[in-house]
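J.: Prediction below, plus the sequence it came from.
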Amino acid sequence: MFNSHSIEVRKLTKKFGSFTAVNEISFDTEKGEIFGFLGANGAGKSTAIKMLCGLWTPTSGEAKVAGFDIYKENEKIKRRIGYMSQKFSLYQDLTARENIRFYAGIYGMPDTKIKEKTEVLLDRLKLSEFADVQINSLPLGWKQKLAFSVAVFHEPEIVFLDEPTGGVDPVTRRDFWEMIYDTAKLGTTIFVTTHYMDESEYCDRISIMVDGRIEALGSPIELKERYDSKTMDEVFVKLARPAAIK
Amino acid sequence: MQHINLEVDKGEIFGLIGPDGAGKTTLIRILTTLLLPDSGTAQVMGMDVIKDYRPLRRLFGYMPGRFSLYEDLTVEENLELFASIFGTTIQENYYLIEDIYKQIEPFKTRRAGKLSGGMKQKLALSCAMIHKPDVIFLDEPTTGVDPVSRREFWYMLRKLKEHGITIFVSTPYMDEASQCDRIALIQAGKILSIDTPQGIVNQFEGDLYAVITNKKHQLVKDLRNYKNAKSVFLFGNYIHYSDKTIFLDKQGLTDYLKNLNHGEIEIRKVEPTIEDCFLALMGNLTGEVTHV
């Protein structure tokens, strides 16, 4: 394994019959990097993420996640990554404390460590008072912050965030990104998708997928220069428009 | 939802803008006669949403947040069904939906459940429009939709407006405010402000600055600790900063940041966006609520 690359992808491809969902994509992510994975709906982002998480077998190509091969060592990958999305994150009928214990237990953390870290986390999220109420009664923003904390609780090398802030209020959305910054600083790679183009500016680097391919990859500043745009929104529209018209 | 007062003019695009849980869907469900309010009254097209719910239901179109067409009927069958329920035909009002429907017409024999997200959305809008309603309610039509498809959807809405249809649309995306004639910002069941998008921006109190240095991640924390900081928010490539004083001491702030080892310091005044206004109004909400 190359020491600093948390993810390495070479010509990764996934076909469904005659349809190529992911078409020979290649990129690396660094340790502690915030990597924005953008693209229009249907561009192939979810398919790519499912392969990187070890859930789907690629049709061809190579990829290593946390140093492990996605074909042969996908069970090892699952232990070293965290995952959250807007759709699936926590068990609504469990409490915050129960959710933390459940997920940490799945990742094999020892009970004593879980107990100790749980209190620290609840305190940091200012959730101590609500730690024993069912999640479904909490506001969405709190749930999403908790879900993120749970996804990184076992100190994964990489965390995959699939539209983590969809519908979240503007203040909580920003709190959320500060949590992302803090987590990245500790060395976790953040692999994130979003439809909020202002959030793409918070990433260190961004890739933009169009029709299964990575059309552009670079820092927000580089991409705006390359596509002669003032905002990432403009870059996105310039790149994704051909696919959308079709 | 508490004490909501609003009026929508005939033929305008009215945007209800706020995050999940703000009360957008509840309000739309009350206005579309699907939910009873605990108190207060509402009229749509001059009809009471409780007493006149039967005749009223024939007059508006409604596109719910969740895809709610018949997945095992084809595209065309869904549209025919909606037309026949309202006692009309596809031909009669085809001119209204033509721009939208012709994009999915090549797939008219495909089952609705097999359509892509964007195509489902176009079909749902066509079905909501086929009886030529005077008002159409759209509950978060662009949520989870990528920026390009969102633009296209707003383009379709503006075309509908040209036919004189009143459009009442909710969205969690603040940047869509500029597409509306007037907007209501809603948070935690309360209306924060109602005005034109420019009017809302004009209400922003004080000056707003975009700040950036070579240590962006650290900058948020350092600005927040600055003695005169009023608000500090991440905003795309910049941090948006407002100051407690009327005239910002730019040199003082620059020196403060230099002392904390920031370089390439850039501070410039910017026009607030709707999201800046929302953030400021949310701040007011946690204190005392000001009614417009």
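T.: Great, that's in hand. Numbering: from 1, shown residues only, chains lettered A, B, ... in the order given.
J.: Now do the helices in the chain.
T.: The chain I'm using is chain A. A:45-52, A:74-80, A:96-106, A:111-124, A:140-151, A:170-185, A:197-200, A:220-226, A:232-245 (DSSP state H).
J.: not quite, I wanted chain B
T.: Using DSSP H, helices in chain B cover B:24-31, B:53-57, B:75-85, B:94-101, B:117-129, B:147-161, B:197-202, B:216-224, B:250-259, B:274-286.
J.: Need the ones you listed in CSV (columns: mean neighbour count).
T.: Bear in mind the C-beta positions are built from the backbone N, C-alpha and C, glycine included. As requested, the helices of chain B are exported to CSV (neighbours: other CB atoms under 10 Å in any protein chain shown):
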stretch, mean neighbour count
helix B:24-31, 21
helix B:53-57, 14
helix B:75-85, 19
helix B:94-101, 17
helix B:117-129, 22
helix B:147-161, 18
helix B:197-202, 16
helix B:216-224, 18
helix B:250-259, 15
helix B:274-286, 19
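J.: where are the low-confidence patches of the chain?
T.: No chain specified, so I'll use chain A. A:1-3, A:88, A:242-246 (pLDDT under 70).
J.: was after chain B, sorry
T.: Within chain B, the segments meeting pLDDT under 70 span B:284-292.
J.: any idea which residue sits dead centre in it?
T.: residue B:171 (2.9 Å; CA atoms, centre = their mean).
J.: do you know how far that one is from residue B:35?
T.: Per CB to CB, to the nearest Å, residue B:171 is found 20 Å from residue B:35.
J.: pretty sure residue B:235 is touching residue B:210, no?
T.: Yes. Using CB atoms under 8 Å, residue B:235 is in contact with residue B:210, at 7.1 Å.
J.: Let's have the helices of chain A in a markdown table, adding distance to residue B:147 and mean neighbour count.
T.: Below are the helices of chain A laid out as a markdown table (distance: least, CB to CB, whole Å; neighbours: other CB atoms under 10 Å in any protein chain shown):
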| stretch | distance to residue B:147 | mean neighbour count |
| --- | --- | --- |
| helix A:45-52 | 14 | 23 |
| helix A:74-80 | 31 | 16 |
| helix A:96-106 | 32 | 19 |
| helix A:111-124 | 33 | 14 |
| helix A:140-151 | 21 | 22 |
| helix A:170-185 | 16 | 19 |
| helix A:197-200 | 6 | 24 |
| helix A:220-226 | 14 | 15 |
| helix A:232-245 | 5 | 19 |
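J.: Throw those helices into JSON lines and include distance to residue B:84, thanks.
T.: Converted to JSON lines, the helices of chain A look like this (distance: least, CB to CB, whole Å):
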{"stretch": "helix A:45-52", "distance to residue B:84": "37"}
{"stretch": "helix A:74-80", "distance to residue B:84": "51"}
{"stretch": "helix A:96-106", "distance to residue B:84": "48"}
{"stretch": "helix A:111-124", "distance to residue B:84": "56"}
{"stretch": "helix A:140-151", "distance to residue B:84": "39"}
{"stretch": "helix A:170-185", "distance to residue B:84": "43"}
{"stretch": "helix A:197-200", "distance to residue B:84": "42"}
{"stretch": "helix A:220-226", "distance to residue B:84": "50"}
{"stretch": "helix A:232-245", "distance to residue B:84": "33"}
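J.: Can I get the ones you listed in a markdown table including distance to chain B?
T.: Converted to a markdown table, the helices of chain A look like this (distance: least, CB to the nearest CB, whole Å):
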| stretch | distance to chain B |
| --- | --- |
| helix A:45-52 | 10 |
| helix A:74-80 | 24 |
| helix A:96-106 | 18 |
| helix A:111-124 | 15 |
| helix A:140-151 | 5 |
| helix A:170-185 | 5 |
| helix A:197-200 | 4 |
| helix A:220-226 | 6 |
| helix A:232-245 | 4 |
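J.: closest to residue A:11 out of the ones you listed?
T.: Smallest distance to residue A:11 across the helices of chain A (CB to CB): 12.3 Å, for helix A:45-52.
J.: what comes into contact with that closest one?
T.: Helix A:45-52 is touched from outside by A:7, A:9, A:12, A:14, A:21-22, A:25, A:37-39, A:56-58, A:63, A:65, A:70, A:160, A:162, A:191, A:193, A:209, with contacts defined as CB atoms under 8 Å, 6 or more residues apart in numbering or on different chains.
J.: Can I get it in PDB, CA atoms only?
T.: Coordinates of each C-alpha in helix A:45-52 appear next as PDB, following Å, rounded to 0.1, in the frame of the first residue of the first chain:
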ATOM      1  CA  LYS A  45     -22.000   8.300  -7.500                       C
ATOM      2  CA  SER A  46     -24.000   5.800  -5.400                       C
ATOM      3  CA  THR A  47     -22.800   2.900  -7.400                       C
ATOM      4  CA  ALA A  48     -19.200   4.000  -6.900                       C
ATOM      5  CA  ILE A  49     -19.700   4.400  -3.200                       C
ATOM      6  CA  LYS A  50     -21.300   1.000  -2.900                       C
ATOM      7  CA  MET A  51     -18.200  -0.600  -4.500                       C
ATOM      8  CA  LEU A  52     -15.800   1.400  -2.300                       C
END
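J.: distance between it and the chain's centre?
T.: Computed by CA atoms, centre = their mean, to the nearest Å, the chain-centroid distance of helix A:45-52 equals 10 Å.
J.: Any chance of JSON lines for the helices of chain B, columns distance to residue B:240?
T.: As requested, these are exported to JSON lines (distance: least, CB to CB, whole Å):
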{"stretch": "helix B:24-31", "distance to residue B:240": "25"}
{"stretch": "helix B:53-57", "distance to residue B:240": "43"}
{"stretch": "helix B:75-85", "distance to residue B:240": "45"}
{"stretch": "helix B:94-101", "distance to residue B:240": "37"}
{"stretch": "helix B:117-129", "distance to residue B:240": "32"}
{"stretch": "helix B:147-161", "distance to residue B:240": "21"}
{"stretch": "helix B:197-202", "distance to residue B:240": "13"}
{"stretch": "helix B:216-224", "distance to residue B:240": "10"}
{"stretch": "helix B:250-259", "distance to residue B:240": "14"}
{"stretch": "helix B:274-286", "distance to residue B:240": "6"}
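J.: Relative to residue B:108, which of those helices is closest?
T.: helix B:75-85 (4.1 Å).
J.: I would like the residues contacting the closest one, please.
T.: Contacts for helix B:75-85 (CB under 8 Å, 6+ apart): B:69-70, B:73, B:89-90, B:92-93, B:101, B:104-105, B:107-112, B:115, B:123, B:126-128, B:130-131.
J.: Quick one: buried ones out of those?
T.: Among the contacts of helix B:75-85, those that count as buried by neighbour count (16 or more other CB atoms under 10 Å in any protein chain shown) are B:69, B:90, B:93, B:101, B:104, B:107, B:112, B:115, B:123, B:126-128, B:130-131.
J.: could the residues you listed go into TSV alongside distance to chain A?
T.: TSV is the format used below for the buried ones among the contacts of helix B:75-85 (distance: CB to the nearest CB, whole Å):
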residue	distance to chain A
B:69	18
B:90	26
B:93	26
B:101	17
B:104	14
B:107	14
B:112	17
B:115	11
B:123	15
B:126	19
B:127	20
B:128	21
B:130	25
B:131	29
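J.: Quick check: nearest residue in space to residue B:231, chain neighbours excluded?
T.: residue B:242 (4.8 Å; CB to CB, 6 or more residues apart in numbering or on different chains).
J.: Contacts only, for the one you found.
T.: The contact partners of residue B:242, taken as CB under 8 Å, 6+ apart, are B:206, B:207, B:208, B:209, B:230, B:231, B:280.
J.: Try it again at 7 Å.
T.: Neighbouring residues of residue B:242 by CB atoms under 7 Å, 6 or more residues apart in numbering or on different chains: B:206, B:207, B:208, B:230, B:231.
J.: and the residues you listed as CSV, adding neighbour count?
T.: Shown next, in CSV, are the contacts of residue B:242 (neighbours: other CB under 10 Å):
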residue, neighbour count
B:206, 14
B:207, 15
B:208, 21
B:230, 14
B:231, 17
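J.: Reformat those as a markdown table; add distance to residue B:274.
T.: Putting these into a markdown table (distance: CB to CB, whole Å) gives the following:
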| residue | distance to residue B:274 |
| --- | --- |
| B:206 | 17 |
| B:207 | 17 |
| B:208 | 12 |
| B:230 | 19 |
| B:231 | 15 |
